[in-house]
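Peer 1: can't give you the sequence, but here's the structure:
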């Protein structure tokens, strides 16, 4: 396995997953780098019992969860859970930004599940990554989609 190819293929995806977990661009960049440092250091130990992508996503998820735990122990001034609104005239960009804002308001586990789903990760792999059953992931994805659809319907301007 060539590390450069793994990095090129997975780093944008891992960044988006970290961003969906943390809702902080700088932290997402940092954890993406930390994920690939761990991949680099442990690539020789990968046993091929699962897909390499599943292994990389699991490392990223664990790093994000640890960061969330560290952040919870530190006192911080309250920050908005929503991403800042950006003026744009392109409807597709507005919809994308609105979707990201809606996702940022979801509970932590729902954010990671929908983040992986939006990366076209199969439900079976999402179950492996999150440690949930495939049936539970399928139900959660359905419910998350319903929540997001309702938010779009409530917004009504698209």
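Peer 2: Arrived safely, thanks for sending. Just so we're clear, the structure is a prediction, and the values are computed from it rather than from any experiment.
Peer 1: can you list the domain ranges for this structure.
Peer 2: 1-79, 80-158 (automatic domain parsing).
Peer 1: If you average pLDDT over each of these, which is lowest?
Peer 2: Mean pLDDT values for the domains of the chain show the minimum at domain 80-158, a mean of 82.
Peer 1: got TSV for the domains of the chain, with mean neighbour count too?
Peer 2: Where you see a C-beta, it was placed from the backbone N, CA and C, and this is true even at glycine. Converted to TSV, the domains of the chain look like this (neighbours: other C-beta atoms under 10 Å):
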stretch	mean neighbour count
domain 1-79	15
domain 80-158	15
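Peer 1: how about the helices in this structure?
Peer 2: Listed in chain order, the helices of the chain (DSSP state H) span 3-22, 25-42, 52-73, 91-104, 108-118, 123-130, 134-155.
Peer 1: Name the nearest residue to the residue nearest the centre of the chain, sequence neighbours excluded.
Peer 2: Nearest residue to the geometric centre of the chain (C-alpha atoms, centre = their mean): residue 17, 2.4 Å. The shortest distance from residue 17 to any non-neighbouring residue, by C-beta to C-beta, 6 or more residues apart in numbering, is to residue 115 (5.0 Å).
Peer 1: Identify the residues contacting the one you found.
Peer 2: Shown in contact with residue 115 (C-beta atoms under 8 Å, 6 or more residues apart in numbering): 16-17, 19-21, 103.
Peer 1: who are the neighbours in contact with the residue nearest to the centre of the chain?
Peer 2: Here residue 17 is in contact with 57, 60-61, 64, 112, 115-116, 119 (criterion: C-beta under 8 Å, 6+ apart).
Peer 1: And those, which two are furthest apart?
Peer 2: The span of the contacts of residue 17, defined through C-beta to C-beta, is set by 64 and 119 at 14.1 Å.
Peer 1: May I have the residues that are in contact with the residue nearest to residue 40 when sequence neighbours are not counted?
Peer 2: Spatial nearest neighbour of residue 40, excluding adjacent residues (C-beta to C-beta, 6+ apart): residue 3 at 5.8 Å. For residue 3, the contact set (C-beta under 8 Å, 6+ apart) comprises 39-40, 43.
Peer 1: Alright, I will stop here.
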